[in-house]
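J.: got a predicted structure here, sequence first:
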Amino acid sequence: MKLIIAIIKDEDNDKVSQALTKEKFRVTFIASTGGFLRSGRSTLLVGVEDDEVEKALDLVRKSCKKPDQEGQKRATIFVLKVDQFTQL
Amino acid sequence: MKLIIAIIKDEDNDKVSQALTKEKFRVTFIASTGGFLRSGRSTLLVGVEDDEVEKALDLVRKSCKKPDQEGQKRATIFVLKVDQFTQL
Amino acid sequence: MKLIIAIIKDEDNDKVSQALTKEKFRVTFIASTGGFLRSGRSTLLVGVEDDEVEKALDLVRKSCKKPDQEGQKRATIFVLKVDQFTQL
């Protein structure tokens, strides 16, 4: 099990959200800010099986717009190992 | 040391919070949304010693209401290994 | 690669933010609450190379005010190993 923490721009939120939930990934959204002007970000938490990480990352990749300028980043993604996972 | 990331429903927030702080767990709350309708969730961060993980999870378990419908989930909990822990 | 999750008091937010971004660390801020009165906290996410962890922690340390009372904590910091890191 892995936990994907994806930090994306607010304007990509709906598209990323739809792409992930359509494929049955369960996503938690956290309003955030970042960058020099502390502009709007969404931090997404997605728990995924090890063999689904690439599929989920691919959906995020395809759903984020391309950066406006070269060198800019559109999304930052951390994948963490989950020691224990429980659903109640 | 472990970091528990628990995603619970807003309505379970007070009870989970009280149960954890009563037992001296320090909890950070983050307002979140999730599910198809992006309804209210709370994401809780709780740092715990390895041998206290089960105690903390049990408190969360007992403080969350049972799901209204079969198949529904009431809480999603990730336990992550902490590489380094500091308090200032 | 490591993910630093730092929970600080709201009033330390600007100083910590400036110290980190000045040194080119990219920081994501999440509004949070914690403690008995659920007072304002900021949860910071900072992705750093392994050999930059101490530098980043040092900046946080130096930018947080000292606790008002003995025994109080000013900041809680978790460092997690990152299994996979992607920027789009």
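T.: That came through fine.
J.: not counting sequence-adjacent ones, nearest residue to the one residue in chain A that gets nearest to chain B?
T.: Here the residue of chain A nearest chain B is residue A:84; by C-beta to the nearest C-beta that distance is 3.8 Å. C-betas here are computed from N, CA, C, even on glycine. With sequence-adjacent residues excluded and distances taken as C-beta to C-beta, 6 or more residues apart in numbering or on different chains, residue A:84 is closest to residue B:79, at 3.8 Å.
J.: for that neighbour, helix, strand, or coil?
T.: strand (DSSP: H, G, I helix; E, B strand; the rest coil).
J.: hey, what's it bridged with?
T.: residue A:84, residue B:4 (DSSP bridges).
J.: contacting residues around it?
T.: A:82, A:83, A:84, A:85, A:86, B:2, B:3, B:4, B:5, B:53, B:57 (C-beta atoms under 8 Å, 6 or more residues apart in numbering or on different chains).
J.: sorry, back to before: thought the residue of chain A closest to chain B was touching residue B:56?
T.: No: here residue A:84 does not reach residue B:56: they are 11.2 Å apart, not a contact under C-beta atoms under 8 Å.
J.: which of these two has more neighbours?
T.: Legend: neighbour count by other C-beta atoms under 10 Å in any protein chain shown for residue A:84 and residue B:56, higher for residue B:56 (24 against 15).
J.: confirm that the more buried one sits in a strand.
T.: No: counting by three-state DSSP, residue B:56 falls outside a strand, being helix.
J.: need the contact list for the closest residue to it other than its chain neighbours.
T.: In space, residue B:56 comes closest to residue B:48 once its chain neighbours are excluded; the distance is 5.1 Å by C-beta to C-beta, 6+ apart. By C-beta under 8 Å, 6+ apart, the residues touching residue B:48 are B:1, B:2, B:3, B:4, B:25, B:56.
J.: quick one on the thing from earlier: need the contacts of residue B:79 in TSV with pLDDT, can you?
T.: Listed next are those as TSV, based on pLDDT from 0 to 100:
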residue	pLDDT
A:82	98
A:83	97
A:84	97
A:85	97
A:86	94
B:2	98
B:3	98
B:4	98
B:5	98
B:53	97
B:57	96
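J.: make a PyMOL selection of the buried ones in these.
T.: Buried subset of those, written as a PyMOL selection, criterion 16 or more other C-beta atoms under 10 Å in any protein chain shown:
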select buried, (chain A and resi 82+83) or (chain B and resi 2+3+4+5+53+57)
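J.: mind putting the contacts of residue B:48 into CSV with distance to residue C:34?
T.: Shown next, in CSV, are the contacts of residue B:48 (distance: C-beta to C-beta, whole Å):
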residue, distance to residue C:34
B:1, 18
B:2, 18
B:3, 14
B:4, 14
B:25, 11
B:56, 15
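J.: list just the nearest of those to residue C:68.
T.: residue B:25 (22.5 Å; C-beta to C-beta).
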